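Asks: Quick one, what's the 3D model for this:
(one chain, ligands or ions: 1)
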Amino acid sequence: MNANTQRLSFDPEALGRKYQLERDKRVRAEGNDQYQEVSGDFAYFVEDPYIKQTLQRDAIEEEVEVVIIGGGFGGMLAAARLHDAGITDFRIIEKGGDFGGTWYWNRYPGASCDIESYVYFPLLEKTGFVPRQKYTNAPETLEYCGVIAQTYGLYERSLMQTMVSATDWDEDLGRWIVSTDRHDRLKARYVVHSNGPLNRPKLPAIKGINTFQGHTFHTSRWDYDYTGGSSDGGLNKLRDKRVAVIGTGATAVQCVPHLGAAAEHLYVFQRTPSSVDVRNNQPTDPNWIASQESGWQQERRRNFESIMTGAPVTEDLVADGWTEAFRLLFGSLRDKAPSKFRLALWALAAPFTANFYRVGLKQHLTNKAMQHMNLAKEMELADYRKMEQVRARADATVTDAQTAESLKPYYRQFCKRPCFHDEYLPTFNRPNVTLVDTDGRGVEEITATGIVFAGQAYPVDCIIFATGFEVGTDYSRRAGYQIRGVDGLSVSQKWADGLATFHGMHSRGFPNSFFFGPAQSGFTATYTYALDEQSEHLAHILQSAKARGATRIEASAAAERKWVQTIIDKARLTADFQEKCTPGYYNNEGKVNTQPQNNTYGGGPIEFFDLMAKWRAKGDLQGLELR
Ligand code: NDP
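Replies: Next up is the predicted model:
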């Protein structure tokens with residue numbers, strides 16, 4: 001231990017070695033291929049358990065200005081912003097039975113959002129809706145999706161329970177032909193692809209996975225017929241059931257307490273523990289909402305994301321676990337730093353999902369100054385301190401010392417999605433709950449009667465997969481349909497060796513197609529914020545095209561090349577951080593930057609949004625070819 005670290009209650013070098021060890025034992029040569037595609041024998045995992053009645057209708061043939069694929073927040077926001085811009089001839093196609101997207105599918109017990117509802121729920125000032133709590137839950141979010149749909153008259157312009165099967169560009173017609181599984185054929189001038197970045201459930205390719213004879217489902221298709229109860233819990237049909245949960249990510253953290261309260265016995269199979277910090281939910285003060293001035297929501301969500309990604313702010317409006325993590329990271333550094341460097345320290349608050357590591361640094365600090373202050377090292381220390389707090393919470397809450405140790409995450413806080421929950425850790429004090437710590441290896445085998453790990457069989461009646469969603473696999477595999485553009489070129493072909501877009505939204509060869517999502521775009525903790533920005537961007541482009549009498553919009557080859565290079569250059573800034581992280585979907589399962597162009601915009605969302613706002617303000621749609 002050196003002189004600088006003597007005052008610490010931990011040995012940073014030893015912790016650094018421990019982090020490395022924990023990471024190394026989890027990295028798998030197969031990367032994303034360790035997962036099983038949910039199709040063929042596994043297709044039942046994606047069936048819709050929520051539809052009360054299958055819709056009967058004839059196939060539709062129609063011509064429409066815009067087809068929007070996806071009825072989640074992205075699709076709804078696209079529709080809302082287009083509507084506001086006077087473009088009202090659109091159709092939304094949604095595979096589920098209602099609007100909601102992520103929130104339509106993820107109704108597992110305890111499902112809720114730990115991004116503050118006042119920033120997460122878009123269009124609050126327009127709809128006048130008042131979320132009941134600081135952190136909302138799935139039922140209220142779904143209710144709110146219905147409110148947006150009603151406000152904008154989206155139901156009458158939607159096709160529910162309908163899956164797009166292909167979109168094909170017809171150059172002669174200057175239209176996309178959108179086909180569906182109900183034999184619909186829509187001719188659309190424009191198509192918005194808002195199919196959800198975490199939409200396709202994934203299963204681990206565990207030996208014997210399809211031999212299990214008991215009941216099984218994925219958390220995003222919760223089987224309440226089997227478990228009883230609702231999103232609020234009360235899973236009364238599990239009283240005589242032995243249940244296994246595989247996975248301990250953000251989803252498991254929320255449903256495990258309800259399963260623990262209900263099941264005869266619950267086995268939680270863990271590969272990597274989540275970091276679980278204090279949640280501290282509170283009811284909304286209606287007077288506070290009523291007292292807000294016009295524009296408050298935009299200001300609040302910008303303030304929140306600014307803190308998260310390093311842009312300077314004078315006040316922390318949300319003041320919660322997320323922003324506190326950044327305050328802790330940088331508070332002590334701010335005090336140490338000369339005043340002219342203080343902004344730069346906020347700029348260092350950037351490792352969230354590691355995409356923003358060292359964001360803004362170039363703007364504010366010279367390399368020399370940075371070396372002098374050794375800020376990266378200081379940041380690492382602050383992170384160790386924060387994670388020591390999180391680990392101490394496990395010791396303070398969980399009575400069995402070995403279980404408490406197993407529940408401690410050994411990686412930097414933003415290597416994985418941080419969780420905030422007050423009932424997860426105490427669940428492991430229940431006599432009917434067993435944590436099976438696979439020490440980074442994961443479940444080895446599933447048999448007809450249960451799960452085997454380290455030679456021990458765990459017979460169970462039900463296996464619930466809390467194993468997350470595909471990220472980084474082929475675009476059309478995740479979307480569920482192929483997109484064939486000019487000369488029949490498909491997106492799978494075009495992007496086989498890596499993404500190529502302009503601003504994340506356009507891709508040459510796919511005129512009049514608009515891609516929503518974080519790829520090559522601004523990625524936010526408040527995902528609805530990014531979707532809203534994309535929606536405004538879309539509305540601006542379509543409105544401008546209309547004003548010029550243009551009907552064909554395509555990224556120029558040069559603009560696309562330049563944007564891809566920007567993404568690659570910015571991805572380099574984050575590589576160091578990513579490489580040290582335990583594997584997961586944030587760092588391409590540990591295979592960092594094998595395709596650096598597949599990253600999100602490494603400058604962080606606020607920088608990205610400002611760049612887009614500037615681009616729009618110029619008014620010349622530079623980089624787009626209009627005809
Ligand atoms: P994740 O991908 O985050 O987690 C999947 C879990 O499955 C991980 O714990 C993973 O372990 C584990 N796993 C995978 N394969 C195996 C295996 N072979 N054996 C044992 N365990 C295995 O999915 P989630 O559904 O939890 O979350 C997805 C995202 O959704 C979150 O990151 C977040 O963005 C969002 N979300 C947000 C919530 C919120 O607002 N609170 C709540 C829920 C979800 P390992 O870590 O080792 O890979």
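
Asks: Run a quick neighbour tally on residue 306.
Replies: Residue 306: 20 surrounding residues under other CB atoms under 10 Å. For glycine as for every other residue, the C-beta is placed from the backbone atoms N, C-alpha and C.

Asks: which ones are touching the residue of the stretch 451-600 of the chain found nearest the ligand?
Replies: When CB to the nearest ligand atom is the measure, the stretch 451-600 of the chain has its nearest residue to the ligand at residue 468, with 2.4 Å between them. Shown in contact with residue 468 (CB atoms under 8 Å, 6 or more residues apart in numbering): 198, 201-202, 247, 249, 251, 585.

Asks: Which of these fall in helices?
Replies: Assignment to helices by DSSP state H places the following of the contacts of residue 468 there: residue 251.

Asks: Columns distance to the ligand and neighbour count on top of the contacts of residue 468, output as CSV?
Replies: Listed next are the contacts of residue 468 as CSV, based on distance: CB to the nearest ligand atom, whole Å; neighbours: other CB atoms under 10 Å:
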residue, distance to the ligand, neighbour count
198, 5, 20
201, 9, 21
202, 8, 23
247, 3, 25
249, 2, 21
251, 3, 26
585, 5, 19
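
Asks: Max pairwise distance over the contacts of residue 468: which two?
Replies: The largest separation in the contacts of residue 468, counting by CB to CB, is between 198 and 247 at 13.7 Å.

Asks: about what we covered before: can you lay out the contacts of residue 468 as TSV showing pLDDT and distance to residue 312?
Replies: What follows is the contacts of residue 468, written out as TSV (pLDDT from 0 to 100; distance: CB to CB, whole Å):
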residue	pLDDT	distance to residue 312
198	93	31
201	95	40
202	94	38
247	98	38
249	98	32
251	98	34
585	90	30
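
Asks: Out of the contacts of residue 468, which is nearest to residue 376?
Replies: The nearest one, if we look at these relative to residue 376 and count by CB to CB, is residue 585, at 24.6 Å.

Asks: Next up, the contacts around the residue nearest to that closest one when sequence neighbours are not counted.
Replies: Taking CB to CB, 6 or more residues apart in numbering as the measure, residue 585 lies nearest to residue 471, with 4.1 Å between them; neighbours along the chain are not counted. Taking CB under 8 Å, 6+ apart as the definition of contact, the neighbours of residue 471 are 32, 197-198, 585.

Asks: In three-state terms, label residue 471 for me.
Replies: Secondary structure of residue 471, reduced to three states by DSSP: H, G, I helix; E, B strand; the rest coil: coil.

Asks: Likewise for residue 268?
Replies: The local conformation at residue 268, judged by three-state DSSP, is strand.

Asks: need the contact list for it.
Replies: Taking CB under 8 Å, 6+ apart, we find residue 268 in contact with 244-245, 248, 252, 256, 428, 433-436.

Asks: if we go to 10 Å?
Replies: Under the criterion of CB atoms under 10 Å, 6 or more residues apart in numbering, the contact partners of residue 268 comprise 243-248, 252, 256, 259-260, 407, 424, 427-428, 433-437, 466.

Asks: One more: residue 228?
Replies: Taking CB under 10 Å, 6+ apart, one finds 234-239, 262 in contact with residue 228.

Asks: Residue 192 too?
Replies: Per CB under 10 Å, 6+ apart, neighbours of residue 192: 66-70, 74-75, 78-79, 82, 90, 92, 505, 512-516, 534-535, 538, 542.

Asks: and what of residue 101?
Replies: Remark: with contacts taken as CB under 10 Å, 6+ apart, residue 101 is in contact with 70-76, 94-95, 141-142, 145, 194-196, 198-199, 531.

Asks: quick one: it from the ligand, how far?
Replies: As for residue 101, its distance to the ligand is 12 Å (criterion: CB to the nearest ligand atom, to the nearest Å).

Asks: Give me the pLDDT for that residue.
Replies: pLDDT for residue 101: 98.

Asks: one step back: now intersect the contacts of residue 268 with the helices, please.
Replies: For the contacts of residue 268, secondary structure assignment (DSSP H) places 252, 256, 259-260, 424, 427 in helices.

Asks: and which of those is nearest to the ligand?
Replies: Closest approach between the ones in helices among the contacts of residue 268 and the ligand, by CB to the nearest ligand atom: residue 252, at 5.8 Å.

Asks: Show me the shaky parts of the chain.
Replies: For the chain, the stretches flagged by pLDDT under 70 are 1-6, 328-373.

Asks: Residues of it that sit close to the ligand?
Replies: Contact residues, the chain versus the ligand (CB under 6 Å from any ligand atom): 26, 113-114, 198, 204, 206, 246-252, 254, 269, 271-272, 417, 442-443, 466-469, 584-585.

Asks: so what's residue 542 closest to, chain neighbours aside?
Replies: Leaving aside its sequence neighbours, residue 542 is closest to residue 87 (5.6 Å, by CB to CB, 6+ apart).

Asks: What separation do you get for that neighbour and the ligand?
Replies: When distances are taken as CB to the nearest ligand atom, residue 87 and the ligand turn out to be 31 Å apart.

Asks: Could you pull out the buried residues of the helix or strand in which residue 376 is found?
Replies: In this assignment (DSSP states H and E), residue 376 forms part of helix 375-397. By neighbour count with 16 or more other CB atoms under 10 Å, helix 375-397 contains the buried residues 375-376, 378-387, 390-391, 393-394, 397.

Asks: where along the stretch 351-500 of the chain do the strands fall?
Replies: Residue ranges of the strands in the stretch 351-500 of the chain, as given by DSSP state E, counting those that start in this stretch, are 419-420, 433-437, 445-446, 450-453, 456-459, 462-465, 482-484.

Asks: What are the phi and psi values at the residue of the stretch 51-200 of the chain found nearest the ligand?
Replies: Nearest residue of the stretch 51-200 of the chain to the ligand (CB to the nearest ligand atom) works out as residue 114 at 4.0 Å. Note on residue 114: backbone dihedrals following degrees, to the nearest 10 are phi -100, psi 20.
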